[in-house]
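[1] got a predicted structure here, sequence first:
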Amino acid sequence: MGEGEESLLWAVTFGDMMTQILAFFILILAISVPNAEKFKEAMEQIQSHFKKTVEPTKLEVVQEQIEKIIVDENLTKDVHLTSDTRGIVLFASGDLFFKSGESELNTEIKYFLDSINDTIKDVPYKLLVEGHTDDIPIKTERFPSNWELSSARASSVVKYFIEKGVAPVRLSAVGYAEYKPRFPKTPENRPQNRRVEIVILRERV
């Protein structure tokens, strides 16, 4: 083979290689165009997700509003606000809500519940009201045990919220008697253990 033929063969081989490279990039471009759209959509979803994690959630806003109500009504010593895996937990001494051995709401506490109601009435979260007693047994015709008393107290709060416009489907009531104390069962802790808890659940309706 002569020198000219070798040069021609090299040129043909190089041309074939360039054609294959061009075909490869055309194929990649053809494949990547729809993926680019999907990538763009995925990035927008990721950005939207991070934006939501930075912005306060409605539940956090509700908690801030309730904290303000507690302060404005000078109830910081009697009403406490915390949060757990369930959601926002408001708990207060049962003595603030009810007279001893009774399940009718005290008139004074209704003003506080009205303020709470204004905050929670239109949010999309479910509400759980818990009734708790201390470890002193009760035995009356109406309340044979602390089970009946704690359940009736929780129901009274639920019924009051319904009267004030909270959708019944959002509400539930439960009584735990003396079996879920928040503090150790001692005489000194009895006022804190006989309490009402209002839980604004993370679960939406």
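    Great, that's in hand.

[2] just checking, residue 126 is part of a strand?
    Yes. Going by DSSP: H, G, I helix; E, B strand; the rest coil, the assignment for residue 126 places it inside a strand.

[3] sec struct for the nearest residue to it once chain neighbours are set aside, please.
    For residue 126, the nearest residue in space outside its immediate sequence neighbours is residue 201; the separation is 4.5 Å by Cβ to Cβ, 6 or more residues apart in numbering. Just so you know, the C-beta spots here come from the backbone N, C-alpha and C atoms, and that holds for glycine as well. The three-state label for residue 201, taken from three-state DSSP, comes out as strand.

[4] do you know how far residue 201 is from residue 96?
    The spacing between residue 201 and residue 96, counted by Cβ to Cβ, to the nearest Å, is 22 Å.

[5] repeat that for residue 82.
    17 Å.

[6] which one's more surrounded, those two?
    Taking neighbours as other Cβ atoms under 10 Å, residue 82 and residue 96 compare with residue 96 leading, 16 against 10.

[7] surely the more buried one touches residue 79?
    Yes. Checked against Cβ atoms under 8 Å, the pair residue 96 and residue 79 is within contact range at 7.3 Å.

[8] and residue 88, that's in a strand?
    Yes. Inclusion of residue 88 in a strand is indicated when three-state DSSP is applied.

[9] need the pLDDT of it.
    Residue 88 is assigned a pLDDT of 97 by the prediction.

[10] this protein: helices as residue ranges?
    Secondary structure of the chain, counting by DSSP state H: helices at 3-54, 58-72, 94-97, 107-120, 146-163, 190-193.
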